[in-house]
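[1] Got a predicted model here, sequence first, then my questions.
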Amino acid sequence: MSPIHAAREYVLEAVQRPALASELPESTKAKVRHSDIWLNQFKRVGDLFAYLKRFSADKQDGIYLEMHALGLQTFEDIVEPFAKRFGDWVGDRTRASDFVVGETYSAHDILIFSANYDTRAGGMFVIESDDQPTAAVIKATLSGGRYANEWLEQGHRLKYFLKSKTLKDGSVQFGEHFKPNAAILNVPGLPVLAFVRHTSNDRFVYTGAFSFQQLHIELDGAKWFELVLTTPDEAIADAQYVKRQLQDRVALASSQSQQQRLERLAKAPKKPKAIRTVSTAFVRNPDVVAEVLFRAQGHCEGCKKPAPFVSKATGDPYLEVHHLKPLAQGGDDTVENAWALCPNCHREKHFG
């Protein structure tokens with residue numbers, strides 16, 4: 001059993017299951033079940049420990065008193081024994097560097113990192129160390145959200161509205177003094193970790209670390225940050241996301257004038273920036289590959305022409321095995337779902 005599985009099981013056995021099997025009122029049991037939802041979201045022991053520590057016996061809240069009246073343990077009671085049992089792991093918390101650019105994350109993932117456990121909370125959080133801001137976190141919904149957040153330049157410049165408050169008279173205050181707004185505005189170079197989704201039905205995509213560039217004020221008084229991508233060199237990105245971002249930027253560059261492109265090229269560095277990427281690969285059946293190549297007998301099963309050259313590695317006619325229904329879309333790794341194609345036909349199947 002992994003450390004986080006053992007830690008969750010400990011909390012369930014010590015607090016949750018006895019509470020649900022007790023004579024607590026159903027309304028209180030509903031709150032216990034709600035905390036079960038959170039317990040299942042933790043992936044690191046340190047994050048679960050931080051969640052438990054937020055419950056203080058000093059507060060003497062209603063649930064704490066109800067459970068103690070029945071002789072039940074609460075989260076407050078198990079903080080110390082939890083720390084002793086999982087002492088080697090309580091410092092293992094989610095870090096900013098754990099997020100992969102282009103990967104998707106749930107709202108719970110983001111809230112756990114931000115140490116905010118209210119799913120009704122807004123879209124901005126401040127990460128602190130010794131009471132000083134070290135980063136900000138934003139959740140941006142591009143369509144159907146409260147404000148018209150949008151990409152000013154896909155993946156690189158983001159328009160994001162400040163945290164706001166609706167006043168009693170119905171007006172909206174975009175207070176620059178609100179904690180997350182003040183952190184972004186007043187801490188030079190503060191990393192702003194951006195999680196973006198198109199609609200509220202989508203998962204969030206981590207798009208990298210941004211920095212504040214400029215504050216904009218619209219005619220109706222609404223205020224928004226112009227944020228620019230400044231993802232550090234040690235960041236890790238999803239390989240397919242990097243490819244899609246390049247395609248989008250090439251399309252944008254192609255739609256602009258040659259003069260605009262030449263002006264940018266004159267200022268552009270000659271060496272491209274290198275980043276680390278991750279990708280998902282399938283462990284394919286070698287017999288499928290071998291059998292499909294044997295069936296093709298050196299001829300492309302697309303255009304029917306002989307293979308364009310002989311492979312240096314194998315000495316055989318060079319063909320590539322392509323799945324008719326991609327494995328990433330649930331296709332089978334079978335002879336029936338595969339063709340042997342020349343490189344040209346293979347590219348045509350993917351991009352034509």
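    All right, it came through fine.
[2] Every contact and neighbour count from this point should use C-alpha atoms.
    Noted.
[3] Am I right that Lys325 sits in a strand?
    No: with DSSP: H, G, I helix; E, B strand; the rest coil as the criterion, Lys325 is assigned coil and is not in a strand.
[4] Run through the residues that contact it.
    Lys325 makes contact with Gly331, Asp332, Asn337 under the criterion CA atoms under 8 Å, 6 or more residues apart in numbering.
[5] Sort out which of those are buried, if you could.
    Among the contacts of Lys325, those classed as buried by 16 or more other CA atoms under 10 Å are Asn337.
[6] Looking at the contacts of Lys325, which one is closest to Lys304?
    Proximity of those to Lys304 (CA to CA) peaks at Asn337, which lies at 17.8 Å.
[7] next one: phi and psi at that closest one?
    In terms of degrees, to the nearest 10, the main-chain angles of Asn337 are phi -100, psi 20.
[8] Now do the contacts for it.
    The contact partners of Asn337, taken as CA under 8 Å, 6+ apart, are His323, Leu324, Lys325, Gly331.
[9] re earlier: please tabulate the contacts of Lys325 in TSV, including the columns distance to Glu103.
    What follows is these, written out as TSV (distance: CA to CA, whole Å):
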residue	distance to Glu103
Gly331	22
Asp332	24
Asn337	28
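[10] ok, Ser211 touching Leu190?
    Yes: between Ser211 and Leu190 there is a contact at 6.3 Å, judged by CA atoms under 8 Å.
[11] Which of those two has more residues huddled nearby?
    Between Ser211 and Leu190, counted using other CA atoms under 10 Å, Ser211 has the larger neighbour count: 25 against 18.
[12] Assumed the more buried one was part of a strand.
    Yes: assessed by three-state DSSP, Ser211 belongs to a strand.
[13] and it, bridged to which residues?
    Judged by DSSP bridges, the bridge partners of Ser211 are Val228.
[14] Quick check: pLDDT value at it.
    Note for Ser211: predicted pLDDT of 95.
[15] which residues sit in contact with the closest residue to Val310 other than its chain neighbours?
    Excluding its sequence neighbours, the residue lying closest to Val310 (CA to CA, 6 or more residues apart in numbering) is Pro317, at 4.4 Å. Contact analysis of Pro317 by CA under 8 Å, 6+ apart lists Gly298, Ala307, Pro308, Phe309, Val310, Ser311.
[16] Check these for burial and list the buried ones.
    For the contacts of Pro317, a burial check counting by 16+ other CA under 10 Å picks out Gly298, Ala307.
[17] Just give me the closest of the contacts of Pro317 to Trp38.
    Nearest to Trp38 among the contacts of Pro317: Ser311, at 53.8 Å, using CA to CA.
[18] if I read this right, the closest one contacts Tyr318, doesn't it?
    Yes: the pair Ser311 / Tyr318 is scored as a contact, 5.2 Å apart, by CA under 8 Å.
[19] who touches both of these two?
    Shared contacts of Ser311 and Tyr318 (CA under 8 Å, 6+ apart): none.
[20] would Tyr10 count as being in a helix?
    Yes: counting by three-state DSSP, Tyr10 is part of a helix.
[21] Run through the stretch 101-250 of the chain and note the low-pLDDT ranges.
    For the stretch 101-250 of the chain, applying pLDDT under 70 flags the ranges 232-234.
[22] ok, what's across the strand from Glu150?
    Glu150 has these beta-bridge partners by DSSP bridges: Lys159.
[23] For Asp248, see how far away it is.
    From Glu150 over to Asp248 the distance is 15 Å, taken as CA to CA, to the nearest Å.
[24] between those two, who's got more neighbours?
    Set Glu150 next to Asp248 and count neighbours by other CA under 10 Å: Glu150 wins out with 18 against 14.
[25] Counting neighbours, what do you get for the closest residue in space to Phe75 that isn't next to it in sequence?
    Leaving aside its chain neighbours, Phe75 sits nearest to Leu52 (5.9 Å; criterion: CA to CA, 6+ apart). Neighbours of Leu52 under the rule other CA under 10 Å: 19.
[26] Can you list the residue ranges for strands in the stretch 251-352 of the chain?
    Using DSSP state E, counting those that start in this stretch, the strands of the stretch 251-352 of the chain run over 276-278, 320-323, 338-341.
[27] thinking again about what came up before, now flag whichever of the contacts of Lys325 is closest to Leu252.
    Nearest member of the contacts of Lys325 to Leu252, counting by CA to CA, is Gly331, at 32.8 Å.
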